[in-house]
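>>> Compute the structure for the input listed below.
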Amino acid sequence: MSMRPLTSLFRRFLTDRRGNFATIFALAAIPLVVAAGAAVDISRAYIVENRLKAALDAAGLAIGGETGKTQAELEAIAQAYFDANYPAGKLGVPGAVNVVQDGNTVNLVVSAELPTVLMGIAGINTLDIGASSQITRMGKKLEVALVLDNTGSMNSGGRLTVLKAAAKDLIDTVGSAAVSPGDVRIAIVPFTTDVNVGTTYKNESWLKWTWAHPDLCTTTGWGKNKKTTCVDTRTVSKSGWGGCVVDRDEDYDISVSTPTSADATKFPANNNNIYNANCGLRPIVPLSTNWSTLKSEIDAMSAGGATNTTIGFVWGWQMLTDGALLSNAAAPNAAELEKVMIYLTDGDNTYYRQGIGICNGSSHCAGVDLRTAAVCSAIKDADITVYTVRLVSGNATLLRNCASDASKYYSVNTANELTDVFKSIAQALSNLRISK
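Residues are numbered from 1 along each chain as shown. The predicted model follows:
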């Protein structure tokens, strides 16, 4: 058989250009597919990196204020917070969190392995992704006054129980953020219509035992025996005094000026009555670093009586004012010291001793709202940061305006929400900042 036909066929095959486009496209598609796959996988990697960073920041803030912990304990706490914020269902498989402390900074590093979707075509089956976070303790000193409503309505819906737990958690968080001992101090001011200064002060000249108030009239009997009696003064016995005081005379009622020999500047000692729940309030605790004592005082709080928000604000202000009555506060120093009031109430103003008979604890008293607004303005003018928390009820506009700004006003509809509110405030005050 002749080889000429075969040779001719082979020559035609070599010179045939038909079908070249399909061959070229098939070869060119490989890098195109790899490039498209890389875009998809890199986008996924970017998502993982952001999620890693957010979880790592949360872990860093959690351990940034910890003191007295071993390296292993710090890493265990950081890992727990990281895992809570980056659950197993998320993209990527993260490794262990590494923690390094360096003075006032805490550095955290973590990496994750992300299986690729399309880059495996090019032999790249996983991407290694890293994230880091740096937390800095700012070193600014802090004085905090917890001004807490102890009125009868706080017995409703477990409000006082949740408040106690939230306030104690705040003490732990804020207290542990101190760079040096004494950098953070906290005071407690429970209030109703009164505050309790403690019976040890009964012989002090700044108290007055007889004081005037508008006529309070009561009627007894019927028919011929009907009798109306109006009283415009109150006299309190030292021997039975429980430590409670009410507002000073106007305009000292919205001031932290030091009492003098003038009667109007003195604090009226009050007797036990239904409005102050028979003076069942725990005494005020000035600024302290004894976290155990502070938490014990919070645990001992009980609810009862009517509401006067003004007196709570005034005594919280006093606890944060250098030289004020019963205060051990430091002198103002904006560069090194921050003064903060955290104020919680669950009701409207219902009592004011200078509006007695009108503001007698039974219903909303608009007149005392004006006193509250005035003292709030004075507190903020004194460069004190004010957080206000409205629990279920209360004058929302008044409390919002009392806060230093809108971000520092909280309104919650259930007691259980207080836990997150106090955590948020504690974190804001903890002197920890994400620096990288």
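>>> Can you name the residues that contact residue 79?
The contact partners of residue 79, by Cβ atoms under 8 Å, 6 or more residues apart in numbering, come to 59, 96, 97. Backbone N, C-alpha and C define where each C-beta goes, glycine included.
>>> what helix or strand does it sit in?
Per DSSP states H and E, residue 79 falls inside helix 71-85.
>>> returning to that earlier point: tell me the one of the contacts of residue 79 nearest residue 316?
Lowest distance from residue 316 to the contacts of residue 79 (Cβ to Cβ) belongs to residue 59, with 33.6 Å.
>>> how about that closest one, what does it touch?
With Cβ under 8 Å, 6+ apart, residue 59 has these contacts: 77, 78, 79, 81, 82, 85, 97, 108, 133.
>>> helix or strand for it, which one?
Here residue 59, judged by DSSP H and E, is contained in helix 20-64.
>>> and that helix, average pLDDT?
Throughout helix 20-64, pLDDT has a mean value of 68.
>>> so where's the stretch 101-250 of the chain uncertain?
Low-confidence segments of the stretch 101-250 of the chain, defined by pLDDT under 70: 103, 117-123, 137-139, 214-218, 228-231.
>>> List phi and psi for residue 148.
With angles defined as degrees, to the nearest 10, residue 148 shows backbone torsions of phi -120, psi 130.
>>> That one and residue 75, how far apart?
Counting by Cβ to Cβ, to the nearest Å, the gap between residue 148 and residue 75 amounts to 36 Å.
>>> So the two - more neighbours on which side?
Ranked by neighbour count (other Cβ atoms under 10 Å), residue 148 and residue 75 place residue 148 first, with 24 against 18.
>>> Now do the contacts for the more buried one.
163, 167, 188, 189, 190, 191, 298, 301, 312, 344.
>>> any chance of the residues you listed in JSON lines, plus neighbour count, secondary structure and distance to residue 355?
Supplementary listing: these in JSON lines, determined by neighbours: other Cβ atoms under 10 Å; DSSP: H, G, I helix; E, B strand; the rest coil; distance: Cβ to Cβ, whole Å:
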{"residue": "163", "neighbour count": "26", "secondary structure": "helix", "distance to residue 355": "28"}
{"residue": "167", "neighbour count": "24", "secondary structure": "helix", "distance to residue 355": "30"}
{"residue": "188", "neighbour count": "26", "secondary structure": "strand", "distance to residue 355": "27"}
{"residue": "189", "neighbour count": "28", "secondary structure": "strand", "distance to residue 355": "22"}
{"residue": "190", "neighbour count": "27", "secondary structure": "strand", "distance to residue 355": "22"}
{"residue": "191", "neighbour count": "28", "secondary structure": "strand", "distance to residue 355": "17"}
{"residue": "298", "neighbour count": "23", "secondary structure": "helix", "distance to residue 355": "31"}
{"residue": "301", "neighbour count": "19", "secondary structure": "coil", "distance to residue 355": "27"}
{"residue": "312", "neighbour count": "28", "secondary structure": "helix", "distance to residue 355": "17"}
{"residue": "344", "neighbour count": "26", "secondary structure": "strand", "distance to residue 355": "24"}
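>>> Between these, which sits nearest residue 368?
Relative to residue 368, the closest of these is residue 312; by Cβ to Cβ it sits at 11.7 Å.
>>> re the thing from before, gap between the helix holding residue 79 and the chain center?
Centroid displacement of helix 71-85 relative to its chain, using Cα atoms, centre = their mean, to the nearest Å, is 22 Å.
>>> for stretch 342-352, same thing?
How far stretch 342-352 lies from its chain's middle: 19 Å, per Cα atoms, centre = their mean.
>>> measure it end to end?
For stretch 342-352, the separation between the terminal residues is 22 Å (Cα to Cα, to the nearest Å).
>>> now the helices: where do they sit in this protein?
If you assign secondary structure with DSSP state H, the helices in the chain sit at 4-15, 20-64, 71-85, 159-175, 291-299, 309-319, 366-381, 396-402, 418-429.
>>> now, of the ones you listed, which is deepest in the fold?
Across the helices of the chain, averaging neighbours per residue (mean count of other Cβ atoms under 10 Å) puts helix 309-319 on top, at a mean of 28.
>>> Residues contacting it, please?
Residues external to helix 309-319 that are found in contact with it (Cβ under 8 Å, 6+ apart): 145, 147-149, 187, 189, 191, 193-195, 246-247, 253-256, 284, 286-287, 324-327, 329, 341, 343, 345, 349, 352, 368, 371-372, 375-376, 378-379, 382, 384, 398, 402.
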